[in-house]
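Colleague: next come a sequence and a model predicted from it.
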Amino acid sequence: MEKIDGYSAHADEGELLDFINAIQNRPKRVFVVHGEPDATAAMAAGLARLGIENITIPERGERFEV
């Protein structure tokens, strides 16, 4: 018998970056809103490596007009 203690259907950082990289007209602004601080910082760094310049990791309760 096998037991799985956890399962996630979420894409990982690499898969998300591959998805963004495949978009012909990349977004001009990206908000990274899900994950622990180290993970969101790593995602923002990956997006920057793809050439996305306007990346925001909002603070809890922070608001933006888009």
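Modeller: Received, thanks.
Colleague: ok, longest helix in this structure?
Modeller: Using DSSP state H, we find that the single longest helix of the chain is helix 37-49.
Colleague: who does it touch, helix- and strand-wise?
Modeller: Other elements packing on helix 37-49 under the criterion 3 or more C-beta pairs under 8 Å, 6 or more residues apart in numbering; DSSP states H and E are helix 13-22, strand 54-56. Where C-beta positions appear, they are placed from N, C-alpha and C, glycine not excepted.
Colleague: per-residue pLDDT, G14?
Modeller: Note on G14: pLDDT of 90.
Colleague: give me the number of residues near it?
Modeller: A count of neighbours around G14, defined by other C-beta atoms under 10 Å, yields 9.
Colleague: now do the contacts for G46.
Modeller: G46 makes contact with 13, 17, according to C-beta atoms under 8 Å, 6 or more residues apart in numbering.
Colleague: against V30, how distant is it?
Modeller: G46 is 10 Å from V30, where distance means C-beta to C-beta, to the nearest Å.
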